[in-house]
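all I have is the shape, not the residue letters:
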């Protein structure tokens, strides 16, 4: 859970939409919504919802407890009210007190609390760790046929297989610019605009693009490429060393942005190769794994943790475990 507080018209909602990529249909307005725990990912005007509950004879603090229990991933936006002024009207005094008590409870249970002034956030409370989800895109026709797709921009073969809710809610979504990743991200997280990272696109396989093993296996240049185990580029293709370097650069910048902005969970919708390149470089493991040991099936991947201190000091990811499908540690 996250709380964003500040004066009226200080740009709180705009900040949340900009940082998370959520669109307005994902926002519940406390001035008009039903008097029940909202299921949308963002609640704006929390203070007005609490006012309406109090008018209706309901306990705002009990509602806050139910909200934290039933929608623990929600982003709450509320105006600061009172400012040291004690109203003459009894209800106005009770409302201010109720909002204060409810906000104390919700702030305690939030992983992050921001105060916004003139559109600029000040992080009052920050989650200790950043959780990262790395998800491989759903299958394309080329995947089904066992072809080297690389940077060939194919759409998903069966987009109906991708459903919102298959993976945990994330505060920010990143994706490769290629269609299969962008489509998968849009289907998994339909309420959010993904951040496109150009450097996370798949390796370019040059003359081997779009071809299968059966089509290539007897070619001397293909046999030489396989024998080199990544130490040479495919004909007219991309060297694996350069591919890995650009993926790690783009991923590292995105992680640093998340830590700077206080993001609690970020989802990366990636290619198999991009994911393997990132994990080979950044994963902290008692038994180091090679590039191909980080493989994941389509619509599967890895979850990991990092922190501001850990990233600045060591650039590492830890607590890695598989996600999606029949995930095993």
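Nice, I can see it. Because the structure is a prediction, the values reported are computed rather than measured.

ignoring the adjacent residues along the chain, who's closest to residue 43?
Of all residues not flanking residue 43 in the chain, residue 28 sits nearest, at 4.9 Å (CB to CB, 6 or more residues apart in numbering). (Glycine included, C-beta is placed from N, CA and C.)

could you list the residues in contact with the helix or strand bottoming out on mean pLDDT in the chain?
When the helices and strands of the chain are scored by mean pLDDT, DSSP states H and E, helix 308-314 comes last with a mean of 86. By CB atoms under 8 Å, 6 or more residues apart in numbering, the surrounding residues in contact with helix 308-314 are 126, 130, 255-256, 259, 284, 316, 318.

any stretches of the stretch 101-250 of the chain with poor pLDDT?
The stretch 101-250 of the chain contains no residues with pLDDT under 70.

where exactly do the helices run in it?
141-144, 179-188, 213-216, 220-227, 240-261 (DSSP state H, counting those that start in this stretch).

on that earlier part again, pull out the buried members of the contacts of helix 308-314.
Buried by 16 or more other CB atoms under 10 Å: 126, 130, 255, 259, 284, 316, out of those.

out of those residues, who's nearest residue 223?
residue 284 (36.0 Å; CB to CB).

so how far is residue 181 from residue 298?
Separation of residue 298 from residue 181 (CB to CB, to the nearest Å): 11 Å.

so between those two, which is more surrounded?
More crowded of residue 298 and residue 181, by other CB atoms under 10 Å: residue 181, with 28 against 22.

residue 25: how many residues sit nearby?
Around residue 25 there are 9 residues (other CB under 10 Å).

wait, it sits on residue 191?
Yes - under the criterion of CB atoms under 8 Å, residue 25 makes contact with residue 191 at 6.7 Å.

circling back: so for the strand or helix carrying the residue nearest to residue 43, mean pLDDT?
Residue 28 belongs to strand 27-29 when elements are defined using DSSP states H and E. Taken as a whole, strand 27-29 has an average pLDDT of 96.

helix, strand or coil for the residue lying farthest from the centre of the chain?
For the chain, the residue at maximal distance from the C-alpha centroid (CA atoms, centre = their mean) is residue 88, at 45.9 Å. Following DSSP: H, G, I helix; E, B strand; the rest coil, the label given to residue 88 is coil.

many thanks, we can stop here.
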